[in-house]
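Enquirer: Sharing a sequence plus its predicted fold:
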Amino acid sequence: MIKKTKNNYSKKIDFKDHKIGLYDLDTFIKDWGSEPRRGVAEKRCKIVKKKDEKVLEITIPKGTTSKGGSFWRLNFPKDLTDVTFEYDIMFGDNFDFVRGGKLPGLAGGTAPGGGSKDKNGFSARLMWRAAISYDELGHLVKDRKFMDKKDVHKPYLVQYIYFPDKQTRKWGKDFVYYFKNKKIFLMHNKWYNIKMHIKLAKDPSKKDSIFAWVNDKSVLDKRLNLRKNKKYGVDQVMFSLFFGGHDETWHTKKNEKVYFRKFQINGR
């Protein structure tokens, strides 16, 4: 369901009225407003029942990274500068997080990703990370007071952002989610409510604000320059679900399943 007024935008996507079975293209377009880039045609997306409620199940095939995932966009009106995006996610039975992977988030302008150096947009997706060594974790988390050797292999959440001022190599920059100085570690078969809020400054020379919550706990409060001018706003959901990274150390070791219960977007 979508609601538009002169200055506001609201959309909710859930699956309670969907038919059990493959998430067909017609139903998908009705929900998201455009054709998917990857996932639906490959029959990776299904509507299933989990504990008496209908949810979206997405399969990520064994031995894959980005090409084994699902990717699409939900486009908003171009003039939105204050947007909240919320969704419920669960990782399936015995989910092997390997080294990490991408999750949905918000974006604007050219919505850069995949190592792009484009400075005419931003993307603020989530990632899960699972470092394979204590030294690797040290590179991801600069402040070692937040590190604990017993937690090295546990998967945790970060905000993964491409933005015009980023200084990290060619990839996006990590902003680790913390609640009371502890990372948000992930488990399989548990629902997580993810909420993110981006507010762009009226003056592009000023820093923009990005906030995040997990299960109603505040985990991120950051100021960044997400745009250099007013040519774009927060104009899309960037739905990414895949493992990687790109090389084989990120590959899924078996078929994995991820579930989504609802999506809610509110903007102005």
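Expert: Sure thing, it's come through. Numbering: from 1, shown residues only.

Enquirer: Can you give the contact residues for stretch 75-88?
Expert: Stretch 75-88 is contacted by residues 4, 9, 33-34, 104-106, 191-200, 202, 232-237, 260-268 when judged by CB atoms under 8 Å, 6 or more residues apart in numbering. From N, CA and C alone the C-beta is placed, and that goes for glycine too.

Enquirer: Just the buried ones from these, in ChimeraX syntax?
Expert: To isolate in ChimeraX the members of the contacts of stretch 75-88 that are buried, counting by 16 or more other CB atoms under 10 Å, one can use:
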select :9,104,105,106,192,194,195,196,197,198,199,200,232,233,234,235,236,237,260,261,262,263,265,266,267,268
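
Enquirer: any weak-confidence spans in the stretch 101-250 of the chain?
Expert: Filtered on pLDDT under 70, the stretch 101-250 of the chain yields the residue ranges 131-152, 167-169.

Enquirer: That one: helices as residue ranges?
Expert: Secondary structure of the stretch 101-250 of the chain by DSSP state H, counting those that start in this stretch: the helices cover 134-140.

Enquirer: Not including adjacent chain positions, what is the nearest residue to Phe211?
Expert: Residue nearest to Phe211 in three dimensions, not counting chain neighbours: His197, with 4.5 Å by CB to CB, 6 or more residues apart in numbering.

Enquirer: Now that Pro155 has come up, it's in contact with Leu186, right?
Expert: Yes - in terms of CB atoms under 8 Å, Pro155 counts as a neighbour of Leu186; the distance is 4.5 Å.

Enquirer: At the geometric centre of this structure, which residue sits there?
Expert: Among the residues of the chain, the one closest to the centroid is Pro104, at 2.4 Å (CA atoms, centre = their mean).

Enquirer: which ones are touching that one?
Expert: Applying CB under 8 Å, 6+ apart to Pro104 gives the contacts 85, 87, 125-126, 237-241.

Enquirer: quick one: the strands in the stretch 1-150 of the chain?
Expert: With strands called from DSSP state E, counting those that start in this stretch, the stretch 1-150 of the chain shows them at 2-4, 9-14, 21-22, 45-50, 53-60, 70-75, 82-91, 100-109, 121-129.

Enquirer: who wins for proximity to Ile210 among these?
Expert: For those, proximity to Ile210 was assessed by CB to CB; strand 121-129 is nearest, at 6.1 Å.

Enquirer: quick one: strands adjacent to the closest one?
Expert: strand 100-109 (antiparallel), strand 156-162 (antiparallel) (DSSP bridges).

Enquirer: Turn the ones you listed into a markdown table, columns for distance to His246.
Expert: Shown next, in a markdown table, are the strands paired with strand 121-129 (distance: least, CB to CB, whole Å):
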| stretch | distance to His246 |
| --- | --- |
| strand 100-109 | 12 |
| strand 156-162 | 14 |
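
Enquirer: For burial, what's the neighbour tally of His188?
Expert: 16 (other CB atoms under 10 Å).

Enquirer: actually Lys54, not the one I typed
Expert: 17.

Enquirer: can you pull up the bridge partners for it?
Expert: Taking DSSP bridges as the rule, Lys54 bridges to Lys49.

Enquirer: repeat for Lys222
Expert: Going by DSSP bridges, Lys222 forms beta bridges with Ile210.

Enquirer: Settle this for me: His251 is touching Gly63, isn't it.
Expert: Yes - using CB under 8 Å, His251 is in contact with Gly63, at 5.2 Å.
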